[in-house]
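J.: structure for the following, please:
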Amino acid sequence: MTETTTKNTIPGVKLTNGVSLPQLGYGCAFGDWLGRTDFQGFLPEQSWHAIELALKAGFRHFDTAYCYGTERHLGDTLGRWFADGTLTRDQVFLTTKLLHPAAPPHIAISHRLTCDWYTEPDLKQRILDDFDRSKEKAGIGYYDLLLMHWPAPFDNTDAEFGRRTRADIWSAFEEIHQRGEARAIGVSNFARHHLEPLLETATIQPMVNQLEVHPYCHDAELIDYCKAAGMVIEAYAPFASGGLGLLDDPAVMEIAKQVGYSTGQVILRWHIQHGHVVLPKSSSPRRLSENLAIFEFELDDDSMARLDALGGGEARRTCPDPSGIQ
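T.: Model (predicted):
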């Protein structure tokens, strides 16, 4: 996985099949996650203006998912840039994720965008159908990266069911990849006990594992295992979804003052120097520009070690812990 350079100068990492994955992307999950209002859940309408701002700032790597409800928003916005010749399809890197398990009502995901793995009569066909619908909503013929969103339903305690089902689902992903409709395939929220049996049976190895990673939540053992197996780590919720006080942590603030950059830039730079692909999200033109400026400076070893130390003890998460899922 050697470094390459994308067309818009954002460094990239090369996946095992040679596809270059830009190291900085834009996350397209919009909503309220941490209870700042009484409502928690997806609000895809927030993406219309935000995606346009991200494109204008220079982002060319976008991460969405079938359950986010933003594939149409992303596709329509990109379509306008394609229509006037400002961009071509090969100048953007697009990721989607399939098979989000059934979610509780307060998360505000339509049941049509999630899947009850226990009762779905034909999971493989469901994947193929959802993938076709995803492409249709985005108005594209292929995705650059397709990820299995979760390793099993959140309440699954049957290890054999999880192992067997993941293998079946992965065979559908391999078929999509072999048809050329996903240039690369990978997984999301997979712990080691999910990965090990899958790696034993997969014809095509997962190329990416997308995880919640930030200074308060980084499983060094899992990350090292994935890298040794040839998987790139993608970090979602890189700022802990704006919660947990990460951006106001005294250690982060002190480092930011020392290097002359914002706390958000310091955290993103920590990700980059660890080799992660990182997926921040912002609707502020100033912060979007700041996020793209993280390649202008480096953190010294002491600063990296201090940020690493913030994750000592039990991980602090903003999303479910996949380690308890069988």
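J.: I'd say Phe62 and Ile51 touch.
T.: Yes: at 7.2 Å, Phe62 counts as touching Ile51 under the criterion of Cβ atoms under 8 Å. Glycine gets a C-beta too; all of them are placed from N, C-alpha and C.
J.: tell me if Leu244 really is in a helix.
T.: No: going by DSSP: H, G, I helix; E, B strand; the rest coil, the assignment for Leu244 is coil, not a helix.
J.: related to what we said a few turns ago, so what sits against both of Phe62 and Ile51?
T.: With contacts taken as Cβ atoms under 8 Å, 6 or more residues apart in numbering, the residues that reach both Phe62 and Ile51 are 26, 28, 74.
J.: by neighbour count, which of these wins?
T.: Neighbour tally across the shared contacts of Phe62 and Ile51 (other Cβ atoms under 10 Å): the maximum, 28 neighbours, falls on Leu74.
J.: do you know how far that residue is from Ala220?
T.: 33 Å (Cβ to Cβ, to the nearest Å).
J.: ditto for Gly12
T.: 23 Å.
J.: can you show me the strands along the stretch 151-300 of the chain?
T.: Using DSSP state E, counting those that start in this stretch, the strands found in the stretch 151-300 of the chain span residues 182-188, 208-212, 232-236, 277-278.
J.: in TSV: those, plus distance to Thr96, mean neighbour count and mean pLDDT.
T.: Compiled in TSV, those are given as follows (distance: least, Cβ to Cβ, whole Å; neighbours: other Cβ atoms under 10 Å; pLDDT from 0 to 100):
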stretch	distance to Thr96	mean neighbour count	mean pLDDT
strand 182-188	9	24	98
strand 208-212	11	25	98
strand 232-236	13	25	97
strand 277-278	15	26	98
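J.: which ones are touching the residue lying closest to His194 once chain neighbours are set aside?
T.: Closest residue to His194 apart from its sequence neighbours, by Cβ to Cβ, 6 or more residues apart in numbering: Pro151 at 4.1 Å. Contact analysis of Pro151 by Cβ under 8 Å, 6+ apart lists 162, 166, 187, 189-191, 194, 322, 325.
J.: and which of those residues is nearest Phe131?
T.: Val187 (15.4 Å; Cβ to Cβ).
J.: who does the closest one bridge with?
T.: Beta-bridge partners recorded for Val187 (DSSP bridges): Met148, Asn209.
J.: ok so, going back, which one of Gly12 and Ala220 has more residues nearby?
T.: Ranked by neighbour count (other Cβ under 10 Å), Gly12 and Ala220 place Gly12 first, with 22 against 10.
J.: now the more buried one, what's its secondary structure?
T.: On the three-state scheme (three-state DSSP), Gly12 is labelled strand.
J.: pretty sure it is touching Gly25, no?
T.: No: taking contacts as Cβ under 8 Å, Gly12 lies outside contact range of Gly25: 10.4 Å.
J.: on that earlier part again, ok, Phe62 and Ile51, which is more surrounded?
T.: Phe62 (28 against 24).
J.: and of the contacts of Pro151, the nearest to Ser289?
T.: Nearest member of the contacts of Pro151 to Ser289, counting by Cβ to Cβ, is Asn189, at 30.4 Å.
J.: how many other residues sit next to that closest one?
T.: 23.
J.: quickly note the distance from it to Ala152.
T.: If you go by Cβ to Cβ, the gap between Asn189 and Ala152 works out to 10 Å.
J.: swap in Leu211?
T.: Per Cβ to Cβ, Leu211 is found 16 Å from Ala152.
J.: tell me the pLDDT at Leu123?
T.: On the pLDDT scale, Leu123 is placed at 93.
J.: what of the one 3 residues further on?
T.: We note a pLDDT of 94 for Arg126 in this prediction.
J.: can you classify it as helix, strand or coil?
T.: helix.
J.: leaving out sequence neighbours, find the closest residue to it.
T.: Glu120 (5.4 Å).
J.: show me what contacts the nearest residue to Leu128 once chain neighbours are set aside?
T.: Leaving out its chain neighbours, the residue that sits closest to Leu128 by Cβ to Cβ, 6+ apart is Ala172, at 6.1 Å. By Cβ under 8 Å, 6+ apart, the residues touching Ala172 are 123-124, 127-128.
J.: can you put those in CSV and add distance to Leu99 and neighbour count?
T.: Shown next, in CSV, are the contacts of Ala172 (distance: Cβ to Cβ, whole Å; neighbours: other Cβ atoms under 10 Å):
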residue, distance to Leu99, neighbour count
Leu123, 8, 16
Lys124, 11, 14
Ile127, 6, 25
Leu128, 12, 17
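J.: just the helices in the stretch 201-326 of the chain please.
T.: 220-228, 250-259, 263-273, 285-292, 301-309 (DSSP state H, counting those that start in this stretch).
J.: between the ones you listed, which one is nearest to Ser20?
T.: Ranking those by proximity to Ser20 (Cβ to Cβ) places helix 263-273 first, at 15.5 Å.
J.: what residues does that closest one touch?
T.: Contacts of helix 263-273 with the rest of the structure, by Cβ under 8 Å, 6+ apart, involve 11, 23-24, 213-215, 235, 238-239, 246-249, 252-253, 255-256, 259, 261, 278, 280, 287, 290-291, 293-295, 297-299, 303-304, 307.
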